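Undergrad: Give the three-dimensional model of this entry:
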Amino acid sequence: MRSKNFFTEDVIFGMKPKDVISMETVWTESNCRYLVIKVNKKLKSIDLLPLEEFYMDEKKQEAPVLSVPFYMIKNISRIDKGDLLFLANHGNPHIINALENS
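TA: Numbering: from 1, shown residues only. You can find the predicted model right below:
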C-alpha cells in the first residue's frame, strides 16, 4: 500500500542535481539534509547523498547514494547550499563537485 504524497511531483521535478534539500520520509520522524544527485522522472525516484552523517562524523568521507521513490517522501524543500562549506574537508566527490559548481 502506498502512502499519500503531501506535495505534488512537480516539486521534486523542480529539484536539480547539486541542490541541498531537507526531506522527511516514511523512515524518519524528522527532516534530514540531503544532496540531490539525480532526479529520475521515468522511475519516479530521486537519488540522494545523506549529509547528516557527515555533520556528525568529521572523518567520514563516504556514504551510499540512496534512491528514494517519490511515494515514500512525506515532505521536501530546498535549503541553502551554504551549509556545504562545513563539509568541504570531508573529501567526498559529490560534495566537492556541488561546491565547485555553485
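Undergrad: going forward, measure contacts and count neighbours with C-alpha atoms only.
TA: Noted.
Undergrad: Enumerate the beta-bridge partners assigned to the most centrally placed residue in the chain.
TA: The residue lying closest to the centre of the chain (Cα atoms, centre = their mean) is residue 34, at 2.7 Å. Beta-bridge pairing for residue 34 (DSSP bridges): residue 21, residue 50.
Undergrad: Name the residues that touch the longest helix anywhere in the chain?
TA: Secondary structure assigned by DSSP state H gives helix 93-100 as the longest helix of the chain. Where contact means Cα atoms under 8 Å, 6 or more residues apart in numbering, the residues beyond helix 93-100 that reach it are 18-19, 35, 37, 49, 84-85, 87-88.
Undergrad: quick one: the helices in this protein?
TA: Under DSSP H, the chain gives helices at 9-13, 52-56, 93-100.
Undergrad: CA atoms only: put the last one into PDB for me.
TA: Translated: helix 93-100. Taking Å, rounded to 0.1, in the frame of the first residue of the first chain, the C-alpha atoms of helix 93-100 are listed here in PDB:
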ATOM      1  CA  PRO A  93      33.500  13.900  -4.500                       C
ATOM      2  CA  HIS A  94      29.700  14.700  -4.600                       C
ATOM      3  CA  ILE A  95      30.100  17.400  -2.000                       C
ATOM      4  CA  ILE A  96      33.300  18.900  -3.700                       C
ATOM      5  CA  ASN A  97      31.600  18.800  -7.100                       C
ATOM      6  CA  ALA A  98      28.500  20.600  -5.700                       C
ATOM      7  CA  LEU A  99      30.700  23.300  -4.100                       C
ATOM      8  CA  GLU A 100      32.800  23.800  -7.200                       C
END
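Undergrad: Just the buried residues of that helix, please?
TA: Buried residues in helix 93-100, counted by 16 or more other Cα atoms under 10 Å: 94-96, 98-99.
Undergrad: of all those, which two lie farthest apart?
TA: Farthest apart among the buried residues of helix 93-100 by Cα to Cα are 94 and 99. That separation is 8.7 Å.
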